[in-house]
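Colleague: Fold the following.
(one chain, ligands or ions: 2)
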Amino acid sequence: MKLHEYQAKTVFADAGIPTPDSQLASDVDGVVSAAEEIGYPVAVKAQVQVGGRGKAGGIKLVEDADEAREAADSILGMDLKGYHVDRVLVEEAVDFVNELYVGITMDRGEGKPVAMVSTKGGVNIEEVAEEDPDAIAREHIDPSFGMHPYQARKAVYDAGVDQSVARDVSSVLTTLYQLWDDKDGADAEINPLMVTADDEVIAADAVMNIDEDALFRQPELAEMEEEAAGGDELEQKADEYGFDYVRLDGNTGIIGNGAGLVMTTLDLVDHYGGEPANFLDVGGGAKAARIANALDMVFSDDNVDSVVFNIFGGITRGDEVARGINEALEQFDEIPKPVVVRLAGTNWEEGMEILNEDLVTVEQTLEDAVQRAVEYAGEVNDQ
Ligand code: GDP
Ligand code: MN
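Modeller: Ligands and ions are numbered 1, 2, ... in the order given. Okay, the predicted model is just below:
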């Protein structure tokens, strides 16, 4: 489980790591009033769980209310690397002279956690690791003893961090390790850890991945996971149903089983000139009830104008999926949005026969199914 930046920052700040003053906002007015309270300039930052948000247009520095409004308008609702942005962090902008990297992760090869420090912060650290591996100082830690202060100092020294901030950076690194250990972390990372002209260090970004299997003993973090989904009603619903779901900006709803199959469908919708409304993977063993839940999700998305089912029968047979689709659709007096179905795999022929063509459009190939769904979505748009 990955915490959002704003959540990881709360965790880091509670442990004593300096973080900028910030507020979460989900609409334009909220961004402006947060910015006024914090004081300009502020950074407006998309809260989605991907790196490289700055380059993708998800982070903007603003100097006044007009700029704040403009930034909020462009970032809220945007599709950032496949993630729908519905919240931004409004944050005191840091005037920095240097960007460092500090992180803790598990070194699988060594079977030990490793602390990492680099003066090449602010950019993707994987790229640094590839192009200039010596620019990252590493210090392995024995988890039964924890991280000794001298280990932190050594890593900071080896990385070539300036003397004037070495002490503060070491202390941030030690705290980060403590958190990683206490919170069952898989990774904990600050990139960039900014250094200001007056030699202060401040965590301008925060990443914290938690071991999913340990969430039961981290109730506060488990609550954060729920809250993270809470910004979006549909994502909350997806959590309840146990679906892998990502909301996108288009109007062609997509339901499939297996991430690869859903991705392929997404790409095809795009290929045929449509726009995917979502990624929805119902997973294996897609019994009738799950199919009904998936339809409920996609139908309750106002942006959706048509739906395409792409199901590959494996453990769940095509005939069973077909019955599920029929049952789910029979509950409506009127089908809310046109549904196109393509079945493949085990018992697909039986499935095709079972499908009630008064309720759905059946297509033999994925290409035909996607084209048809895109066409339907386009017709609704033209009206
Ligand atoms: P990421 O690219 O998604 O990891 O987002 P980050 O939070 O790491 O921000 C990326 C870059 O945006 C940083 O390396 C900075 O160059 C810039 N940035 C972010 N916050 C601030 C800020 O408060 N002040 C300034 N001047 N730049 C910022
Ligand atoms: Mn970052």
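
Colleague: Return the distance of the closest residue to residue 33 other than its chain neighbours relative to residue 77.
Modeller: Using C-beta to C-beta, 6 or more residues apart in numbering and skipping residues adjacent in sequence, the residue nearest residue 33 is residue 25, 8.0 Å away. C-betas here are computed from N, CA, C, even on glycine. Using C-beta to C-beta, to the nearest Å, residue 25 is found at 13 Å from residue 77.

Colleague: Am I right that the residue nearest to residue 33 is in contact with residue 91?
Modeller: No. If you go by C-beta atoms under 8 Å, residue 25 and residue 91 don't touch, sitting 10.6 Å apart.

Colleague: how deep is the residue nearest to residue 33 tucked in, by neighbour count?
Modeller: Using other C-beta atoms under 10 Å, residue 25 has 22 other residues around it.

Colleague: Could you do residue 282 as well?
Modeller: Residue 282 has 28 nearby residues by other C-beta under 10 Å.

Colleague: same question, residue 178
Modeller: The number of residues packed near residue 178 is 16, by other C-beta under 10 Å.

Colleague: Wasn't it part of a helix?
Modeller: Yes. Residue 178 forms part of a helix when assessed by DSSP: H, G, I helix; E, B strand; the rest coil.

Colleague: Please list all residues in contact with it.
Modeller: 15, 146, 147 (C-beta atoms under 8 Å, 6 or more residues apart in numbering).

Colleague: And the first one, how far from residue 262?
Modeller: To residue 262, residue 15 is 38 Å away according to C-beta to C-beta.

Colleague: Do I have it right that residue 254 meets residue 265?
Modeller: Yes. Counting by C-beta under 8 Å, residue 254 touches residue 265, with 5.1 Å between them.

Colleague: okay, these two: which has more neighbours?
Modeller: Using other C-beta under 10 Å as the criterion, residue 254 and residue 265 rank with residue 254 on top: 28 against 25.

Colleague: beta partners for the more buried one?
Modeller: residue 308 (DSSP bridges).

Colleague: and it, how far is that from residue 83?
Modeller: Separation of residue 254 from residue 83 (C-beta to C-beta) stands at 16 Å.

Colleague: and what of residue 209?
Modeller: From residue 209 to residue 83 the distance is 16 Å (C-beta to C-beta).

Colleague: And for residue 294, the neighbour number?
Modeller: Residue 294 has 28 nearby residues by other C-beta under 10 Å.

Colleague: ignore the last one, residue 80
Modeller: 18.

Colleague: same deal with residue 21?
Modeller: Per other C-beta under 10 Å, the neighbour tally for residue 21 reads 12.

Colleague: Phi and psi next, for it.
Modeller: phi -60, psi 130 (degrees, to the nearest 10).

Colleague: And for it, nearest residue in space, chain neighbours not counted?
Modeller: What sits nearest to residue 21 in space, not counting adjacent residues and going by C-beta to C-beta, 6+ apart, is residue 92, at 4.4 Å.

Colleague: Please tell me I have it right and residue 263 contacts residue 279.
Modeller: Yes. If you go by C-beta under 8 Å, residue 263 and residue 279 touch, sitting 7.5 Å apart.

Colleague: Which of the two has more residues huddled nearby?
Modeller: Neighbours were counted for residue 263 and for residue 279 using other C-beta under 10 Å; residue 279 has more, 20 against 16.

Colleague: in stretch 115-130, what counts as buried?
Modeller: Of the residues in stretch 115-130, 115, 116, 117, 118, 119, 120, 121, 122, 123, 125, 128 count as buried by neighbour count, 16 or more other C-beta atoms under 10 Å.

Colleague: Break down the stretch 201-350 of the chain into its helices, ranges please.
Modeller: 219-230, 233-241, 259-271, 288-299, 318-330, 348-354 (DSSP state H, counting those that start in this stretch).

Colleague: Out of those, which is closest to residue 309?
Modeller: Residue 309 sits nearest to helix 318-330 of all the helices of the stretch 201-350 of the chain, at 6.8 Å, using C-beta to C-beta.

Colleague: what's the closest one packed up against?
Modeller: helix 288-299, strand 306-313, strand 339-345, helix 348-354 (3 or more C-beta pairs under 8 Å, 6 or more residues apart in numbering; DSSP states H and E).

Colleague: Let me see the ranges of the strands in the stretch 51-200 of the chain.
Modeller: 59-62, 79-80, 83-84, 88-92, 96-107, 112-118, 136-140, 185-196 (DSSP state E, counting those that start in this stretch).

Colleague: least reliable of those going by mean pLDDT?
Modeller: Note on the strands of the stretch 51-200 of the chain: strand 83-84 shows the lowest mean pLDDT, a mean of 83.

Colleague: Direction included, what does that one pair up with?
Modeller: strand 79-80 (antiparallel).

Colleague: Between the contacts of residue 178, which sits nearest residue 168?
Modeller: Among the contacts of residue 178, residue 15 lies closest to residue 168 (C-beta to C-beta), at 14.4 Å.

Colleague: which ones are touching that closest one?
Modeller: By C-beta under 8 Å, 6+ apart, the neighbours of residue 15 are 175, 178, 179.

Colleague: Just send the residues you listed back as a markdown table, with distance to ligand 2 and pLDDT too.
Modeller: A markdown table is the format used below for those (distance: C-beta to the ion, whole Å; pLDDT from 0 to 100):
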| residue | distance to ligand 2 | pLDDT |
| --- | --- | --- |
| 175 | 18 | 97 |
| 178 | 21 | 96 |
| 179 | 17 | 95 |
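
Colleague: In TSV: those residues, plus distance to residue 2.
Modeller: Putting the contacts of residue 15 into TSV (distance: C-beta to C-beta, whole Å) gives the following:
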residue	distance to residue 2
175	20
178	20
179	15
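
Colleague: Same list, the residues you listed, but only the ones touching ligand 1.
Modeller: Residues shared between the contacts of residue 15 and the neighbourhood of ligand 1: none [C-beta under 6 Å from any ligand atom].
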